[in-house]
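> no FASTA, just this:
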């Protein structure tokens, strides 16, 4: 049975909670007086709020007056101690081809120059959002990360052909012969190719990549994570040039700002705001105050009282 807060096609929001220890649960919607939910058996409580919309904030109210968040909450704009927020998933379009899903599973470390990769990684790993690393990415593994699966014979051909058909719209795979080169998702050899060679850690650039990732993740732990509780809104972004952006995040609980200046392009870009505050990480060559060299980034924390 679905639970949480679900927008209804005919309007309103369907709220549902399982609380088997409670005979009665209330719903507090947008700080209004709680309304009793209906107990429907097996510990479930539900209520349809006809006028509720995406963005409404709500809590469940227990008989002793305790107000609790939705355990199935999609968003907590005021952290775990505040109300939950109704979210419309349909307003966030998602396509799986927008993530790193390359036909042959080749990794960036296998063909992107190290300075370019460091600039990209340093941007992602220090963003307030929780970063994700694919297995082995932290030490520059070059084994492919192909798409593989294990489904029954009734789906095997559909998955195999669907995977290749997906790439037909790309010029590189317009030729059926080229599409036929795409690895079979169900082949044992395809799966085996993704196994990491841990012995590589002791050779070549892999140890250096691991040390780099350890340093930047330590910086995230020391500089970014302790400030996340006070970050309750998105950053203020300005496009400086093609592939170049400046972003500023302000914190609600301290007079500080987190600043990012990033030039993720092969060209020198001018027009960045003046660099302020204490630098916590940078990649690339130093230029003038308002200029970033190709593939350069600069993270800083600024005391706004200064």
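That came through fine. This structure is a prediction, so every number in the text was calculated from the model and none was measured.
> which residues touch the helix or strand of the chain with the lowest mean pLDDT?
Ranked by mean pLDDT, DSSP states H and E, the weakest helix or strand in the chain is helix 153-166, scoring a mean of 89. For helix 153-166, contacts defined as CB atoms under 8 Å, 6 or more residues apart in numbering pick out 97, 147, 149, 151, 173, 179, 180, 182, 184, 185, 186. All C-beta atoms are positioned from the backbone trio N, CA, C, and that covers glycine.
> give me the contact list for the next helix or strand after it.
With elements assigned by DSSP states H and E, the helix or strand that comes after helix 153-166 is helix 176-179. Helix 176-179 is contacted from outside by 164, 165, 167, 168, 172, 173, using CB under 8 Å, 6+ apart.
> can you pull the buried residues of helix 176-179?
178, 179 (16 or more other CB atoms under 10 Å).
> and the helix or strand just after it, which residues are buried?
As assigned by DSSP H and E, the chain's next helix or strand after helix 176-179 is helix 188-192. Using 16+ other CB under 10 Å as the test for burial, helix 188-192 gives residue 190.
> what's near enough to touch the closest residue to residue 260 other than its chain neighbours?
Nearest residue to residue 260, sequence neighbours excluded (CB to CB, 6 or more residues apart in numbering): residue 247, at 4.5 Å. Each residue near residue 247 by CB under 8 Å, 6+ apart is listed here: 235, 236, 237, 238, 259, 260, 262.
> just name the closest of the residues you listed to residue 45, please.
residue 235 (38.2 Å; CB to CB).
> if I read this right, that closest one contacts residue 248, doesn't it?
Yes. If you go by CB atoms under 8 Å, residue 235 and residue 248 touch, sitting 5.9 Å apart.
> so what sits against both of those two?
Contacts common to residue 235 and residue 248, judged by CB under 8 Å, 6+ apart, are 258, 260.
> picking that back up, of the contacts of helix 176-179, buried ones?
Judged by 16+ other CB under 10 Å, buried ones among these: 164, 167, 173.
> turn those residues into a markdown table, including distance to residue 77.
Shown next, in a markdown table, are the buried ones among the contacts of helix 176-179 (distance: CB to CB, whole Å):
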| residue | distance to residue 77 |
| --- | --- |
| 164 | 43 |
| 167 | 39 |
| 173 | 43 |
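> looking at those, which is nearest residue 118?
residue 167 (29.3 Å).
> and the strands in the stretch 201-306 of the chain, which stretches?
Secondary structure of the stretch 201-306 of the chain (DSSP state E, counting those that start in this stretch): strands located at 236-241, 244-250, 256-263, 269-270, 278-283, 291-292, 296-303.
> what's the closest of these to residue 4?
Smallest distance to residue 4 across these (CB to CB): 28.5 Å, for strand 244-250.
> what about the strands in the stretch 51-200 of the chain?
Using DSSP E, counting those that start in this stretch, strands in the stretch 51-200 of the chain cover 57-61, 67-68, 84-85.
> what helices or strands is the last one leaning on?
Just to be clear, that refers to strand 84-85. strand 57-61 (3 or more CB pairs under 8 Å, 6 or more residues apart in numbering; DSSP states H and E).
> one step back: what's the pLDDT at the residue nearest to residue 260?
For residue 247, the pLDDT comes out at 95.
> repeat that for the one 4 residues further on.
The score at residue 251 is 92. That number is its pLDDT.
> domains in this protein, by residue range?
The domain map for the chain lists 4-91, 109-144+197-306, 146-193, with the assignment taken from automatic domain parsing.
> now stretch 49-69: average pLDDT?
In the prediction, stretch 49-69 has an average pLDDT of 94.
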